[in-house]
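Engineer: sequence? don't have it. structure:
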Ligand code: NAI
Ligand code: MG
């Protein structure tokens, strides 16, 4: 505020705050208890667990814990449905996908509210990012369904059969869309397992499937924890698509070795966001903030390591801290909220543990003053300076709103430091010089390199990792490939 006054802008009253602007949750109708969605029917299971709202830990619904037997049954149902689905002309499959895209767009407010309620992300993100992108993925892959022979010239693409899909909790509906849209477009049927902390939008999606009159058995949703996921890996599927932790990804890869089942893995990351001294500074600061505080940092491609050229290190850190102080942390359902709730108690504990390790190892911590709600899972936006490359906070995926800042002098040094990680999912480069962007992009070992922007997604653009960030691509034409057999 003093800055504004100094520059002679309009005077702002001291202590000016935003009035609460909560989004109503009336539009969401939850059931008390959910079964498994298999063959177009809701099936009961023996065990259930409670899914909560991370903003206040209030219970939302009882969700089924699918057993290995339940999973086997779902896969058999998907198998029965697969021949007829594969035999449909691509143009017919496309109609269903277009319908799903349209229904998601029509019901986007309902989905956005539920996504924020169950996952903790700010409503403005679920409303403006998750939902439009999820619908866009169905829309985009609908377009490929009848053009597969042009997608793979001189080769004959055939569906694989049944795809088992396991997704995480950071973008629940969007990850569902990334998985289901290309699989269906290519003529496969699916059994998808949402993450245990965020099953509700996947369960609401079953109603979209019903509305779109998709043939029974083409999309099946089984809920449960890691045991359900492991059962899906072992079931009679032709392919596993997994997004989640590197640890579980590796276990799945070991499990599938020699089985002939196909596999794609989208795992963790520790992305470098690299800022050169000739960049547009204020834009870079916005990109840094978006890179790490978007979705509370629960983003596999989050720009969690910030490399700043030494000559501008201080102004960048100053500007960043000032900008952080304006972030509004709080109720995910409030339209003004920038940083919402941490997804689960488990994730909160992981963040707390790594942040404590950062302090212990000697890094300097800054958190802007902010009042965190008493109930629920919360963590203030955090930045660490005075970080050495060897510190755990510079090496391990924190998956929270925590940034480590490190200096560099030359482009060569930036590349070397940026690549000094077991991961390789994404990177960002901020510079005015086009030739430097290309020079950097060529050398950075990352699946996606953003230039003068960060966390940009588009269904037409492939996304995926190097090294321990996984293999296989999702999005774009590349995203069709893992779902077809080419002869
Ligand atoms: P996770 O990898 O355990 O969970 C992801 C999905 O895999 C969930 O649906 C889970 O039920 C399922 N799963 C768990 N164990 C499985 C098994 N043995 N076989 C098959 N499926 C299994 O991730 P978690 O425990 O939720 O988070 C731990 C850390 O992983 C996070 O702190 C973060 O660093 C990282 N992570 C990365 C993600 C990414 O997008 N790259 C997403 C989620 C977590
Ligand atoms: Mg786990």
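Structural biologist: Cool, got the structure. Since the structure is predicted, the reported quantities are computational estimates derived from the model, not experimental observations. Ligands and ions are numbered 1, 2, ... in the order given.

Engineer: so who does the closest residue to residue 345 other than its chain neighbours touch?
Structural biologist: The shortest distance from residue 345 to any residue other than its chain neighbours is 5.9 Å, reached at residue 377 (Cβ to Cβ, 6 or more residues apart in numbering). All C-beta atoms are positioned from the backbone trio N, CA, C, and that covers glycine. Residue 377 makes contacts with 54, 57, 120, 341, 342, 343, 344, 345, 347, 348, as judged by Cβ atoms under 8 Å, 6 or more residues apart in numbering.

Engineer: mind running it again at 6 Å?
Structural biologist: 54, 341, 342, 345, 348 (Cβ atoms under 6 Å, 6 or more residues apart in numbering).

Engineer: which SS class is it?
Structural biologist: coil (DSSP: H, G, I helix; E, B strand; the rest coil).

Engineer: and the contacts of residue 377, which are buried?
Structural biologist: Applying 16 or more other Cβ atoms under 10 Å to those, the neighbour count classes 54, 341, 342, 348 as buried.

Engineer: name the SS class of the closest residue to ligand 1 within the stretch 301-450 of the chain, please.
Structural biologist: When distances are taken as Cβ to the nearest ligand atom, the stretch 301-450 of the chain reaches nearest to ligand 1 at residue 399, 3.6 Å away. Secondary structure, three-state DSSP: residue 399 is coil.

Engineer: adjust the sequence numbering to begin at 619 for everything that follows.
Structural biologist: With 619 as the first residue, the last one maps to residue 1017.

Engineer: contacting residues around it?
Structural biologist: Residue 1017 neighbours (Cβ under 6 Å, 6+ apart): residue 916.

Engineer: if we go to 7 Å?
Structural biologist: With contact set as Cβ atoms under 7 Å, 6 or more residues apart in numbering, residue 1017 has these partners: 915, 916, 965.

Engineer: burial measure for residue 736, as a count.
Structural biologist: Neighbourhood size, residue 736 [other Cβ atoms under 10 Å]: 30.

Engineer: can I assume it is in contact with residue 669?
Structural biologist: Yes. The pair residue 736 / residue 669 is scored as a contact, 6.3 Å apart, by Cβ atoms under 7 Å.

Engineer: what residues are shared contacts of those two?
Structural biologist: Joint contacts of residue 736 and residue 669 (Cβ under 7 Å, 6+ apart) are 678, 818.

Engineer: just the buried ones among the contacts of residue 995 now: which is nearest residue 1066?
Structural biologist: residue 960 (25.0 Å; Cβ to Cβ).

Engineer: and the gap between the closest one and residue 769?
Structural biologist: Look at residue 960 and residue 769: by Cβ to Cβ, to the nearest Å, they are 40 Å apart.

Engineer: same check on residue 954?
Structural biologist: When residue 954 is compared with residue 769 (using Cβ to Cβ), they lie 43 Å apart.

Engineer: picking that back up, and the buried ones among the contacts of residue 995, which of them are in helices?
Structural biologist: The helices, defined by DSSP state H, take in residue 966 from those.

Engineer: can you lay out the buried ones among the contacts of residue 995 as CSV showing distance to ligand 1?
Structural biologist: As requested, the buried ones among the contacts of residue 995 are arranged in CSV below (distance: Cβ to the nearest ligand atom, whole Å):
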residue, distance to ligand 1
672, 13
959, 15
960, 10
966, 10
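
Engineer: residue closest to the middle of the chain?
Structural biologist: Residue closest to the mean C-alpha point of the chain, counted by Cα atoms, centre = their mean, is residue 789 at 4.0 Å.

Engineer: so which bits of the stretch 669-818 of the chain are right by ligand 1?
Structural biologist: 784, 785, 786, 788, 811, 813, 814 (Cβ under 6 Å from any ligand atom).

Engineer: make CSV from the residues you listed and add neighbour count to it.
Structural biologist: Formatted as CSV, these follow (neighbours: other Cβ atoms under 10 Å):
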residue, neighbour count
784, 25
785, 27
786, 22
788, 25
811, 28
813, 24
814, 19
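
Engineer: gap between the helix or strand harbouring residue 754 and the chain center?
Structural biologist: Here residue 754 sits within helix 749-763, counting by DSSP states H and E. Counting by Cα atoms, centre = their mean, to the nearest Å, helix 749-763 is centred 16 Å from the centre of its parent chain.

Engineer: same question, stretch 987-1002
Structural biologist: That offset, for stretch 987-1002, works out to 21 Å (Cα atoms, centre = their mean).

Engineer: can you pull the buried residues of it?
Structural biologist: 994, 995, 996, 997, 998, 999, 1000, 1001, 1002.

Engineer: do stretch 685-703 as well
Structural biologist: Neighbour count says stretch 685-703 has 685, 688-697, 699-700, 703 buried, by 16+ other Cβ under 10 Å.

Engineer: residues contacting it, please?
Structural biologist: With Cβ under 7 Å, 6+ apart as the criterion, stretch 685-703 contacts 654, 656-657, 663, 779-780, 805-809, 833-836, 838, 840, 846, 849-850, 853-855.

Engineer: what about 6 Å?
Structural biologist: For stretch 685-703, using Cβ under 6 Å, 6+ apart, the contacting residues are 654, 656-657, 663, 779-780, 807, 809, 835-836, 838, 840, 849-850, 853-855.

Engineer: please list only the buried members of these.
Structural biologist: Among the contacts of stretch 685-703, the ones that count as buried by 16+ other Cβ under 10 Å are 654, 656-657, 663, 779-780, 807, 809, 835-836, 838, 840, 849-850, 853, 855.

Engineer: got the residues of the stretch 819-968 of the chain near ligand 1?
Structural biologist: Going by Cβ under 6 Å from any ligand atom, the residues of the stretch 819-968 of the chain near ligand 1 are 843-844, 847-848, 851, 861-863, 866, 869-870, 885-886, 918, 965, 968.

Engineer: show me where the stretch 669-818 of the chain has its strands.
Structural biologist: Taking DSSP state E, counting those that start in this stretch as the test, the strands found in the stretch 669-818 of the chain are 677-683, 775-777, 780-784, 807-811.

Engineer: average pLDDT across the second one?
Structural biologist: In this case it means strand 775-777. Mean pLDDT, strand 775-777: 97.

Engineer: do the same with the longest one
Structural biologist: Here the mean pLDDT over strand 677-683 is 98, rounded to a whole number.

Engineer: in that strand, which residues are buried?
Structural biologist: For strand 677-683, by 16+ other Cβ under 10 Å, it's 678, 679, 681, 682, 683.

Engineer: out of those residues, who's nearest ligand 1?
Structural biologist: residue 683 (10.8 Å).
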